[in-house]
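Colleague: After the sequence you'll find the predicted model.
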Amino acid sequence: MTKKETYNEAKRLILAGASRQEAFSNLKANSTLKEEDLVTVVRYIPTLQARATYRTPWLALVVLLFVTIALKLLIGSFMVMGGNPFGWIALLLMPVINVIAVIGILNYRGEFFRLIAVLTIIGALRLITNGAAGGFDVLFLLDLLILGAIIGLSFYLNTRMVSAPAERKERYHNAQGQERLRKVFVFEER
């Protein structure tokens with residue numbers, strides 16, 4: 001199985017109600033991927049239980065991302081009306097990353113939680129450096145509050161909805177009867 005086929009099969013199993021551990025165990029026998037790659041594939045697919053449990057913070061993140069898209073479109077339209085020659089480019093390009101992030105989140109692509117957090121931290125740092133030069137006002141604080149909420153929700157959902165599996169050592173006996181240790185990945189549903 002290729003990585004894409006493995007992902008599709010893992011997604012099918014999880015959407016059918018399997019836990020990530022069950023999907024991992026099922027795919028481990030049939031997949032040609034290394035165990036660490038298989039863990040990564042299965043990790044970023046939230047289970048039905050996790051989707052139900054964390055629906056409220058997930059929905060809050062989606063709403064905040066839509067708010068940032070609307071704000072960026074508003075800023076871009078002000079640039080167009082202000083006569084900025086690059087206003088149309090800004091109007092089209094400013095919200096692109098946020099739109100891609102919303103699409104990833106709406107499709108429950110778990111790897112987008114960390115990506116959104118990192119990109120938002122970069123944006124917040126840029127905002128703070130620009131705000132320090134121009135002074136702080138209410139809009140600046142509101143923008144910083146929205147960015148902080150996005151960062152917090154993204155990290156929270158990354159650690160809860162698609163948490164990394166625990167890596168444990170397990171004793172076993174090989175074909176020669178010798179006792180050995182092997183790595184075992186255990187997915188914990190929170």
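Modeller: The structure has been received and is ready for your questions. Numbers count the residues shown, from 1 in each chain.

Colleague: Give me the pLDDT for Phe136.
Modeller: Looking at Phe136, its pLDDT is 67.

Colleague: I misspoke; the intended subject was Val80.
Modeller: On the pLDDT scale, Val80 gets 70.

Colleague: Just confirm it is within a strand.
Modeller: No. When DSSP: H, G, I helix; E, B strand; the rest coil is applied, Val80 is found to be helix, with no strand at that position.

Colleague: Could you report the neighbour count for it?
Modeller: If you count neighbours by other Cβ atoms under 10 Å, Val80 ends up with 15. Backbone N, C-alpha and C define where each C-beta goes, glycine included.

Colleague: Against Arg109, how distant is it?
Modeller: From Val80 across to Arg109, the span is 32 Å (Cβ to Cβ, to the nearest Å).

Colleague: quick one, helices of this structure?
Modeller: Secondary structure of the chain (DSSP state H): helices located at 3-15, 20-30, 35-43, 48-53, 55-81, 87-93, 96-106, 111-134, 138-160.

Colleague: By mean pLDDT, flag the weakest helix or strand of the protein.
Modeller: Least confident helix or strand of the chain, by mean pLDDT, DSSP states H and E, is helix 87-93 with a mean of 68.

Colleague: Look up how far Leu153 lies from the closest residue in space to Thr68 that isn't next to it in sequence.
Modeller: The shortest distance from Thr68 to any non-neighbouring residue, by Cβ to Cβ, 6 or more residues apart in numbering, is to Asn98 (5.3 Å). Using Cβ to Cβ, Asn98 is found at 14 Å from Leu153.

Colleague: again with Glu188
Modeller: Look at Glu188 and Leu153: by Cβ to Cβ, they are 21 Å apart.

Colleague: Between these two, point out the one with more neighbours.
Modeller: Leu153 (23 against 10).

Colleague: about what we covered before: contact partners for the residue nearest to Thr68?
Modeller: Listed by Cβ atoms under 8 Å, 6 or more residues apart in numbering, the contact set of Asn98 reads Leu65, Thr68, Ile69, Lys72.

Colleague: Just the pLDDT for the residue nearest the centre of the chain.
Modeller: Closest to where the C-alpha atoms of the chain average out (Cα atoms, centre = their mean) is Phe113, at 2.0 Å. We have a pLDDT of 94 for Phe113.

Colleague: how close does it get to Leu64?
Modeller: According to Cβ to Cβ, Phe113 stands 13 Å off from Leu64.
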